[in-house]
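A.B. asks: sequence and predicted structure, then a few things I'm wondering about:
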Amino acid sequence: MVDPEDLAREFERAFGRSPRLYRAPGRVNLIGEHTDYNDGFVMPMALDRSTWVAAAPRDDRTIVARSREYGETMTIDAGTQRPQRPQRRHWVDYVRGVSAVLSDVARPFHPSTSSGRREIRGADLLIASDVPIGAGLSSSAALEVACGYALLDMANRPIDLVQRARACQRAEHEYAGTRCGLMDQMIACYGREGHALMLDTRTLERRWLPLPSTLRVLVCNTMVKHQLASGEYNARRADCEAGVRVLAQRFPGIRALRDATLAQLDAVRGELSDQIYRRCGHVIAENARVEAAARALGDADFETFGRLMDDSHRSLRDDYEVSCAELDAMVAIARGLGCVYGARMTGGGFGGCAIAVVDASAVDRASREIEKRYESASGLRPDVWVCSAGEGVSAWRLAEALHHGEALHHGGHGGRGGQIL
Ligand code: ADP
Ligand code: MG
């Protein structure tokens, strides 16, 4: 776990002055996978693990960024610049992207300043995270959102959280090369303790669903990451867009798979390849599952909620084809335990984590059993932990935090309509 005091001290040693601290959480998605770039519904919850950025402004237009995880310090220009082509897949490009996109989109807040604009300034940044990287828990959005918050704060440029989330998504598209939907950045901004977020990715309407205290979410990291993830992700997105083009010709109201029904998909089946038909079928059915899951959660009908998770996993495995042997094994093991309501892969797929929704009274036993059985099935030692729903992005006032022995949120966030830095 990242200790904010430690991080601040490390920053002081490296950069010779005191930082402010910012954090944004990773996430699990309870249900609604690969629906967010189809204008659909998703139900993520923020993790109680975050990516932290200790930051202090510089007088020049240079960003010096150090990642504890990568043990590397990189120097980049702050402000507008073009993405590197082809993408290098270097971690600093997420920071570069966020800084470049924010320079582009943020409107001047104090037009009376000498430059007429509040530029994204140079800064020293120290990044440290307890979100596992590349495990489907969205360490990338946590990094983007935490850095974005830091850079905007130092530029004294308030823009609303939705714009921030969109800017971070654009940074990931243009500078990191993954054409992700908006779910990860939105939950990193809008997470709320004890709640999952029902998000309509078309209208961005948000509804926080209380998670009952009798339920626990187990994160089960398979400890594998198959290399194809980013390329396959973009390929799935292209398949969906190809399906929409055919559907829209027959049914002009359809702008995204969110608008289509399975009956409409069947009506154009002859014009689609089997692959595109199955990809679209997953998205359309998954969208309906998210709405059904929200109702089940509201009714405290955990059996139904769990069954919808199981269906989601099967559809991702067989029709969307983004699972892998290790995820399937993890899910089957979890599902074999009586106390587990449902289990599925979470995140983009091809490795990373599965989640299991478990009765609280049996969570320790379930976690031990899953660890034991997965290790004997795969030869890999998994990382299995209980996560509770955490808060969205925040700034921490370190001096007060040290003084009071706890960190203080700065301003409102988490969707409570509060003040933004
Ligand atoms: P996920 O978002 O599921 O963890 P991604 O492949 O989308 O996986 O994003 C992981 C990438 O994000 C890493 O390869 C790295 O470039 C960047 N990243 C995430 N966390 C950090 C960190 N703490 N320090 C530096 N880069 C990070
Ligand atoms: Mg990611």
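C.D. replies: Alright, I've got the coordinates. Residues are numbered from 1 along each chain as shown. Ligands and ions are numbered 1, 2, ... in the order given.

A.B. asks: surely Pro132 and Ser139 touch.
C.D. replies: Yes. Under the criterion of C-beta atoms under 8 Å, Pro132 makes contact with Ser139 at 6.8 Å. From N, CA and C alone the C-beta is placed, and that goes for glycine too.

A.B. asks: between the two, which contacts overlap?
C.D. replies: Gly26 (C-beta atoms under 8 Å, 6 or more residues apart in numbering).

A.B. asks: higher neighbour count, these two?
C.D. replies: Using other C-beta atoms under 10 Å as the criterion, Pro132 and Ser139 rank with Ser139 on top: 24 against 21.

A.B. asks: wait, the more buried one touches Trp52, no?
C.D. replies: No. Contact criterion C-beta under 8 Å: Ser139 and Trp52 do not qualify, at 11.8 Å.

A.B. asks: now the common contact residues for the two.
C.D. replies: Counting by C-beta under 8 Å, 6+ apart, the residues touching both Ser139 and Trp52 are Ser129.

A.B. asks: in the stretch 51-200 of the chain, where is pLDDT below threshold?
C.D. replies: 106-118 (pLDDT under 70).

A.B. asks: and the helices in it?
C.D. replies: Along the stretch 51-200 of the chain, counting by DSSP state H, counting those that start in this stretch, helices occupy 92-105, 139-155, 161-171, 183-190.

A.B. asks: ok, and does the first one reach over to ligand 2?
C.D. replies: Pointing back at helix 92-105 there. No. If you take C-beta under 5 Å from the ion as the test, helix 92-105 misses ligand 2, and the best it gets is 9.3 Å.

A.B. asks: helices or strands up against that helix?
C.D. replies: Secondary-structure packing of helix 92-105 (3 or more C-beta pairs under 8 Å, 6 or more residues apart in numbering; DSSP states H and E): strand 62-67, strand 72-77, helix 139-155, helix 161-171.

A.B. asks: so what touches stretch 375-384?
C.D. replies: 132, 218-224, 326, 329-330, 333, 367, 370-371, 374.

A.B. asks: please repeat the previous calculation with a cut-off of 6 Å.
C.D. replies: 220-221, 223, 326, 329, 367, 370-371, 374 (C-beta atoms under 6 Å, 6 or more residues apart in numbering).

A.B. asks: then stretch 235-242?
C.D. replies: The set of residues external to stretch 235-242 that reach it, using C-beta under 6 Å, 6+ apart, is 37-38, 179, 257, 276, 279.

A.B. asks: which ones among the residues you listed also lie next to ligand 2?
C.D. replies: Answer for those near ligand 2: none qualify (C-beta under 5 Å from the ion).

A.B. asks: by pLDDT, rank those and give me the bottom one.
C.D. replies: Among the contacts of stretch 235-242, Arg179 carries the lowest pLDDT, at 88.

A.B. asks: that one against Tyr233, yeah?
C.D. replies: No. Judged on C-beta atoms under 6 Å, Arg179 makes no contact with Tyr233 at a distance of 7.2 Å.

A.B. asks: between the contacts of stretch 375-384, which sits nearest ligand 1?
C.D. replies: Set against ligand 1, the nearest of the contacts of stretch 375-384 by C-beta to the nearest ligand atom is Asn221 (11.0 Å).

A.B. asks: looking at this, that closest one is in a strand?
C.D. replies: Yes. Applying DSSP: H, G, I helix; E, B strand; the rest coil, one finds Asn221 inside a strand.

A.B. asks: give me the nearest residue to it, chain neighbours excluded.
C.D. replies: Asp383 (4.1 Å; C-beta to C-beta, 6 or more residues apart in numbering).

A.B. asks: now render the helices and strands packed on helix 92-105 as TSV, adding distance to ligand 1.
C.D. replies: Shown next, in TSV, are the helices and strands packed on helix 92-105 (distance: least, C-beta to the nearest ligand atom, whole Å):
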stretch	distance to ligand 1
strand 62-67	3
strand 72-77	8
helix 139-155	3
helix 161-171	11
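
A.B. asks: please state the mean pLDDT value computed over the helix or strand hosting Tyr22.
C.D. replies: Per DSSP states H and E, Tyr22 falls inside strand 20-29. Mean pLDDT, strand 20-29: 97.

A.B. asks: need the contact partners of the helix or strand just after that strand.
C.D. replies: As assigned by DSSP H and E, the chain's next helix or strand after strand 20-29 is strand 41-42. Outside of strand 41-42, the residues within contact range by C-beta under 6 Å, 6+ apart are 32, 35-36, 183, 199-200, 287, 290.

A.B. asks: return the distance of the nearest residue to Ala196 once chain neighbours are set aside relative to ligand 2.
C.D. replies: Once flanking residues are discounted, Ala196 sits nearest to Met45: 4.2 Å by C-beta to C-beta, 6+ apart. Distance, Met45 to ligand 2, by C-beta to the ion, to the nearest Å: 16 Å.

A.B. asks: check Ser376 too.
C.D. replies: From Ser376 over to ligand 2 (counting by C-beta to the ion), the distance is 30 Å.

A.B. asks: secondary structure element for that residue, which one?
C.D. replies: Per DSSP H and E, Ser376 falls inside helix 363-378.

A.B. asks: and that helix, what's buried?
C.D. replies: 363, 366-367, 369-371, 373-374, 378 (16 or more other C-beta atoms under 10 Å).
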